[in-house]
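Q: Here is my input, please return the structure:
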Amino acid sequence: MSLKMRPFTPMKGIQVAVVTPFKRTSDNSGNNSRTVTVDVEPIDKYSEYLQANGASGVFVNGVTGDFSVLTLDERLQLQSAWLAPSVRSKFQHVITHIGSPLWEDVIKLGRHAVEHCASAVAITFPSFPLHSPQTEAHLIEYLANVSKSLPEIPLLIYNITGTTPPSFLNNLLPVLQKAITQNRVPTLVGLKYSSANFIDAFEIMKQLQLDISIGCDEQMLAGCVMGFPSFIGSTYNIFGTKFNQVLKLMEQGQVKDAQLLSDRLFEAIRYLTSGCYKMTLRMTLNRILQTSFDVTIGEDTKYQFLSEDDHKSSQKLVNEFMKKYQDLLDC
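A: Modelled structure (predicted):
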């Protein structure tokens, strides 16, 4: 008996790519060293904050959530926390990314997402070139196996051009046309499209009737003009209200005002990314949550290459950033 895919409501508005909360804990080795571990306790208040600032959905365990340095157990913990009824009910969509080099982990994450009522799962591909699909046929086969293994849940392709090979990911239309014509991926409903190739994204949306959620925050204004209805991004964690204002201004036909606000947001994002972006985004969000919701997601990361000097430099940049762009922040 074949299983029927659950309905998928088209995405609209802002879907926030959420940051993973971390905490430092003792490792019990006796040498006073400490380790960074996932902390799901702040997620309830974190979700309240995002809801208050106009998020229509969240994207869990993506690049912003540091999925590549998390264990399977940590990713399952995060899925469970964001799919808990008290959190899930705040959003139209809770989408979980299940991509992994290990097929067994893909399926475990996917089954968990099905059982806990995620809106959809997103999949990217193994990032080491020789372990990723080598041809269009390989790509279709990979997606077909995901769809066949998880037939109950809608599927999104998580396209991050430049980091998820193969190279033809930057022109997906002919590949997806073939997959749809052959009915190889019946659960495919859309893409998180983190690429500047708006021609490909637009043609996929119009010709294949798939949902496209633009995955580069600075491209919102251009995306609105082209008719893209949904946006998934990391800086919506701290600029959610203002980005929603851009969408509202565009809906009202106030293009010039939308452009001015978008330009200011673009400037702020460039300032924030002038340092170690993964750290500066986390620090900024953490300080906002501490001030507004009395909760912390931690300023530590699991990236071992970051030094104490990196941490100090990021603290200085964030201090300057929050003074310079206070008027744009969700606090």
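
Q: C-alpha only now, for contacts and for neighbours.
A: Noted.

Q: where do the strands sit along the protein?
A: For the chain, the strands defined by DSSP state E cover 13-17, 22-26, 34-38, 57-60, 93-97, 120-123, 155-160, 188-194, 211-214, 230-233.

Q: Below-threshold pLDDT in the chain: ranges please.
A: 1-2, 26-34, 162-166, 168 (pLDDT under 70).

Q: Report how many residues lie close to the residue nearest to residue 226 when sequence neighbours are not counted.
A: Nearest residue to residue 226 in three dimensions, chain neighbours excluded: residue 202, at 7.6 Å (CA to CA, 6 or more residues apart in numbering). A count of neighbours around residue 202, defined by other CA atoms under 10 Å, yields 19.

Q: For this protein, just list every one of the helices.
A: Using DSSP state H, the helices of the chain run over residues 43-52, 72-82, 85-88, 103-115, 136-149, 173-181, 198-208, 220-226, 236-251, 255-272, 277-293, 308-324.

Q: what angle do the first one and helix 236-251 make?
A: Direction vectors for helix 43-52 and helix 236-251, defined by axes from the mean of the first three to the mean of the last three CA atoms, to 10 degrees, enclose an angle of 20 degrees.

Q: now for helix 43-52, which elements pack on it?
A: If you count contacts as 3 or more CA pairs under 8 Å, 6 or more residues apart in numbering; DSSP states H and E, helix 43-52 packs onto helix 72-82, helix 85-88, helix 277-293.

Q: any chance of those helices in CSV, plus distance to residue 246?
A: As requested, these are arranged in CSV below (distance: least, CA to CA, whole Å):
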stretch, distance to residue 246
helix 72-82, 27
helix 85-88, 26
helix 277-293, 21
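
Q: do you know which of these lies nearest residue 240?
A: helix 277-293 (11.5 Å; CA to CA).

Q: List the buried residues for the closest one?
A: 278-289 (16 or more other CA atoms under 10 Å).

Q: got the contact list for it?
A: By CA atoms under 8 Å, 6 or more residues apart in numbering, the list of residues contacting helix 277-293 from outside reads 19, 45-46, 49, 64, 235, 237-238, 272-273, 295-301, 311, 314-315, 317-318, 322, 330-331.

Q: That one vs helix 236-251, what angle?
A: Counting by the same axes, to 10 degrees, helix 277-293 lies at 80 degrees to helix 236-251.

Q: so how far is helix 277-293 from its chain's centroid?
A: Relative to its parent chain, helix 277-293 has a centroid offset of 17 Å by CA atoms, centre = their mean, to the nearest Å.

Q: Just the C-alpha atoms of it, please, in CSV.
A: Taking only C-alpha atoms (Å, rounded to 0.1, in the frame of the first residue of the first chain), the coordinates of helix 277-293 have been written out as CSV:
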residue,chain,number,x,y,z
TYR,A,277,29.9,36.1,10.2
LYS,A,278,29.0,32.9,11.9
MET,A,279,30.2,34.4,15.2
THR,A,280,28.9,38.0,14.7
LEU,A,281,25.4,36.8,13.8
ARG,A,282,25.3,34.6,16.9
MET,A,283,26.6,37.3,19.2
THR,A,284,24.1,39.9,17.9
LEU,A,285,21.1,37.5,18.2
ASN,A,286,22.3,36.4,21.6
ARG,A,287,22.4,40.0,22.9
ILE,A,288,19.0,40.8,21.5
LEU,A,289,17.5,37.7,23.1
GLN,A,290,19.1,38.4,26.5
THR,A,291,17.7,41.9,26.5
SER,A,292,14.3,41.3,25.1
PHE,A,293,13.5,37.7,26.3
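
Q: circling back: need the helices of the chain in TSV (columns: distance to residue 122).
A: Converted to TSV, those look like this (distance: least, CA to CA, whole Å):
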stretch	distance to residue 122
helix 43-52	20
helix 72-82	13
helix 85-88	17
helix 103-115	9
helix 136-149	10
helix 173-181	15
helix 198-208	16
helix 220-226	21
helix 236-251	19
helix 255-272	25
helix 277-293	21
helix 308-324	31
